[in-house]
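In: Please work out how this folds:
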Amino acid sequence: MLNIDKYRVKVEDLKYKCSLDDIDFENTENIRPIDEIIGQDRAVSSIEFGLKMKHKGYNIYISGVSGIGRTSYAKSLIKKNVNMNQNLKDWIYVNNFKNNNEPVALSFKAGIGKIFKYDIDDIIEKLKIEIPKIFNSKEYESHNRLLMTELENNIHSIIDDLNEFAKPKGFKFQITERGLMSVPIKEDGTLMEEAELGNLTASQIADLRERGLKLNQESKDYIDKIKLCEDTYKNKCDELDRNVGRSLVGFYGQYLLNKYGEDEKVGKYINDLCNDIVNNISKFKKEPEDEKKNAMSLFGIIPSKKDDKFLNKYKVNLFIDNSECKECKIIVESNPTYYNLTGSIEYKNEMGSLTTSFMEIKPGALHKANGGFLIINVRDLLSSPFAWECLKRTLKTEEITIESLNKQYGYLVTSTLKPEPIDLDLKVILVGDSYYYSVLYAYEEDFRDLFKIMADFDIEIDKNKENIYKTIQFIANKCNESNIKHFDKSAVERLIEYSTRITDNKEKLSARFNKIVDMIYEADAVTDDSELYVTRNDVEEAINQRLYRNNKYEEKLNEMFEDETLLIDLDGEKVGQINGLAVMGTGEYCFGKPSKITASTYRGRRGIINIEREIKQSGSIHDKGVLILSGYLGARYGKEKPLSISTSITFEQNYNGVDGDSASSTELYAIISSIADIPIKQYIAVTGSVSQKGEIQPIGGVNEKIEGFFDVCKIKGLTGNQGVIIPIQNVKNLMLKDEVVQAVKEGIFNIYAISTIDQGLEILTGKTKNEIDSKVNEVLDKYRKLDKESETYESKIDKK
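Out: All right, here's what the predicted structure looks like:
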């Protein structure tokens, strides 16, 4: 009788039991909280190196699964390793006085842009008050009156000459409300009255009209002289206005130059601003009084009206204001669309038409993060049209350009602004997983040049004393942050066990701290209000409630095992039949489920027939596992002679497809049992993949598989014989429920760990390798003999 007890897993190896007796604390209230990265030394080192590199292309890609805390860790590392950027700049957009469609971008030290805007706005407001005062001064009125008198005298002199020319022709020119008009005169030289005009015959009126038209043509030179006088007057008035305003505007301009003129570009804008104000000084004047307006209009001079909208071009668009920035700039863009990255130009509907100006230029995330760090989720970035191309172009050119997408989409384009690009001083951090990194690295050449640093966050960390203590500090920090109850030592121990269970490795802790945080909140929610601290029972209850919320499908399957809708044998021994173990999932919840696997062997030459593959419900990995079985059987039993068998295998009552190779060893046991006609113990379920050399290889989901089979055994009734065979490598992954551990401890459930197929056969059949090989070879020889007889018979038939 074979002794299979040597393969039993020790009770102490079935679960990691956390004990914090060597750490002196009663609850997390007594622990100094921390908010730092735990156990990610490689990723931290990569990020810190990337933060130090100031050269082009050393942007950072942070890789890892969701829930590790990639974004929050990146922010904390930036704050820890990077002081406030002393070169942080404010950016403003101002009018381009030479081309209004191309606004100018000016930069200042952080906080100065706001002051510059205030100074410009303040000076314009002062000019709006002081310039009209200058034009209302007696000195200006005196100069203006002299120019007006000169104009009047010149015009009257020209009109006198014109009347001398017109008198022989029977007309005289007069200045009326409608301007300069020709009036018929009588023989004595006096003006003809309207009553007298009414008494003229039709022929006289026609003659008068004809002579008037001829006179107007002949007097064109005199009219041109009057217009020339008016133009001269206007030019002299404009020059007088400019001279008057130049001193005042120059005073404020010099003030701005003294304060901001060190920057050549800013100094040029100030000069352009002052020159434009001087050239348009009349826009600041008050409208002339009615009498003066009437006098000017008599000579055909239309006074300019004050236009407040005109003054908008002297405004300052404080585009980026860093005056309140007291630490390193970190911008997390959660919606990285094209316009959210590069900024946009907004339009206003005025009287049915869309208008815009440099004041409507709005910043994007690249502008807001300029001088600091921009963090973007790579999936969100790649799902937004043109966003990746925009980011890539910006990093390559080191300029942020605001452009419309109308051309790219093929829309009709109206004239719009083309703001001057802003210099880029920025490090971009992309957050994603390894899949996106691999795709971008393989297919996007620019990605390799722009993101030279890859920081890879692991999903698990070493379970050493330092990381355990930091985890306790992390729990304390979350309790303080969320203002919830602190955890006592027993509750912390259960949380650490929960963290280890998530990793499926007794030597590791989970780095997916979002799951730990969720359990902290849920344990606090279920605790009794009368308790001062969260206890182990509270954490256990929170875990059980989470399982209950998600295990409906598992319960339905267990009900089907109980009422024998799903057939499974847990007693006795059968040939060519075995219980395999699979893992199923519904969202975040996974559970194990036993499945009956059967094999039928008969004489033939097709080898192993995978029924799931024949109906196209077998995945590629499962197909590979079945092909490995053919290699193993051929190497073990067919080196000298052909196998001469056909064996069909299938998962009974499975209609959803099969993938993975974790059942390959299970299938091999069923096939060997079917060939040799050796029965297999039905009360022992099996999991584990196998190599062509017969080595048992580790699998995933070992805890769920064992617990799933245990649940079915409990439903059917525990006999003490039931158990599970697992790969020996998976012993380190065991973190079983207390109920399963207790059942093993009491001897009513068994867990075996093996490393070879032969060891598994010993447990399942109670026979040695030699005994099994003898039975298999006996059957194979029988099949070969029958094949030979059949071939001889067929040969004789052919000869006849």
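
In: Let me know the pLDDT of Ala582.
Out: Ala582 carries a pLDDT score of 91 in this model.

In: that's a helix at it, yeah?
Out: No: counting by DSSP: H, G, I helix; E, B strand; the rest coil, Ala582 is not found in a helix; it is strand.

In: ok, it touching Lys705?
Out: Yes: between Ala582 and Lys705 a contact is recorded at 7.3 Å, counting by CB atoms under 8 Å. For the C-beta atoms, the positions are set from N, CA and C on the backbone; glycine is no exception.

In: Looking at the two, which has the bigger crowd around it?
Out: Ranked by neighbour count (other CB atoms under 10 Å), Ala582 and Lys705 place Lys705 first, with 28 against 22.

In: For Gly170, list the residues it contacts.
Out: Going by CB atoms under 8 Å, 6 or more residues apart in numbering, Gly170 touches 184-185, 208, 211.

In: Now do the shared contacts for Ala582 and Lys705.
Out: With CB under 8 Å, 6+ apart, Ala582 and Lys705 have common neighbours Gly592.

In: Quick one: low-confidence residue ranges for the chain.
Out: Counting by pLDDT under 70, the chain contains low-confidence residues at 1, 85-86, 177-178, 187-189, 194, 286-308, 407-415, 791, 793-800.

In: Find the residue at the geometric middle of it.
Out: The C-alpha lying nearest the average C-alpha coordinate of the chain belongs to Asn377 (CA atoms, centre = their mean; 3.1 Å).

In: can you tell me how far Tyr160 sits from Leu215?
Out: Small correction: residue 160 is Asp, not Tyr. Using CB to CB, to the nearest Å, we find Asp160 at a distance of 16 Å from Leu215.

In: returning to that earlier point: wait, doesn't the residue nearest to the centre of the chain sit right on Ser334?
Out: Yes: using CB under 8 Å, Asn377 is in contact with Ser334, at 7.4 Å.

In: can you list the contacts of Gly170 in a markdown table and add neighbour count?
Out: As requested, the contacts of Gly170 are arranged in a markdown table below (neighbours: other CB atoms under 10 Å):
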| residue | neighbour count |
| --- | --- |
| Pro184 | 19 |
| Ile185 | 17 |
| Leu208 | 16 |
| Arg211 | 16 |
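
In: Give me the subset of the residues you listed lying in strands.
Out: Within those, residues falling in strands by DSSP state E are Pro184.

In: of all the contacts of Gly170, which comes closest to Phe173?
Out: Closest approach between those and Phe173, by CB to CB: Ile185, at 10.5 Å.

In: Help me confirm that Lys283 is found in a helix?
Out: Yes: assigned with three-state DSSP, Lys283 falls within a helix.

In: I'd like to know how many residues surround the closest residue to it other than its chain neighbours.
Out: Among residues not flanking Lys283 along the chain, Phe310 sits closest, at 5.0 Å (CB to CB, 6 or more residues apart in numbering). Applying other CB under 10 Å, we find 11 residues neighbouring Phe310.

In: if I look at Phe310, how far off is Val316?
Out: Taking CB to CB as the measure, Phe310 falls 16 Å from Val316.

In: Lys89 too?
Out: For Lys89 relative to Val316 (CB to CB), the value is 15 Å.

In: what's the answer for Asp21, then?
Out: For Asp21, the distance to Val316 - CB to CB - is 67 Å.

In: The two: which is more packed in?
Out: Ranked by neighbour count (other CB under 10 Å), Asp21 and Val316 place Val316 first, with 22 against 7.

In: who touches the more buried one in this structure?
Out: 92-94, 116-117, 120-121.

In: Run through who's touching the helix or strand containing His367.
Out: Per DSSP states H and E, His367 falls inside helix 365-369. With contacts defined as CB under 8 Å, 6+ apart, helix 365-369 is touched by 91, 319-320, 329-331, 333, 336, 340-343, 374, 376, 391, 394, 400, 422, 424, 426.

In: show me the contacts for Val44.
Out: Val44 touches 37, 73, 77, 455, counting by CB under 8 Å, 6+ apart.

In: Now the second one: closest residue in space that isn't a chain neighbour?
Out: Read it as Tyr73. Ile37 (4.8 Å).

In: go on, the third one?
Out: Ranked by CB to CB, 6+ apart and with sequence neighbours excluded, the top spatial neighbour of Leu77 is Ile47, at 5.1 Å.

In: And the one you found, which helix or strand is it part of?
Out: With elements taken from DSSP H and E, the one containing Ile47 is helix 41-52.

In: Over to Leu780?
Out: helix 769-799.

In: Which secondary structure elements does that helix sit against?
Out: strand 589-603, helix 620-637, helix 664-676, helix 757-765 (3 or more CB pairs under 8 Å, 6 or more residues apart in numbering; DSSP states H and E).

In: now for those, which one comes closest to Asn280?
Out: strand 589-603 (73.0 Å).

In: Let me know the angle separating that closest one from helix 664-676.
Out: If you take axes from the mean of the first three to the mean of the last three CA atoms, to 10 degrees, strand 589-603 sits at 30 degrees to helix 664-676.

In: In strand 589-603, which of the residues would be classed as buried?
Out: 589-601 (16 or more other CB atoms under 10 Å).

In: With stretch 717-735 instead?
Out: 722-728, 730-735.

In: ok, how many other residues are close to Tyr140?
Out: Around Tyr140 there are 15 residues (other CB under 10 Å).

In: What are the boundaries of the strands in the stretch 51-200 of the chain?
Out: 60-63, 89-94, 104-109, 171-176, 179-184 (DSSP state E, counting those that start in this stretch).

In: now stretch 514-521, how far from the chain's geometric center?
Out: Mean-position distance between stretch 514-521 and its chain equals 24 Å (CA atoms, centre = their mean, to the nearest Å).
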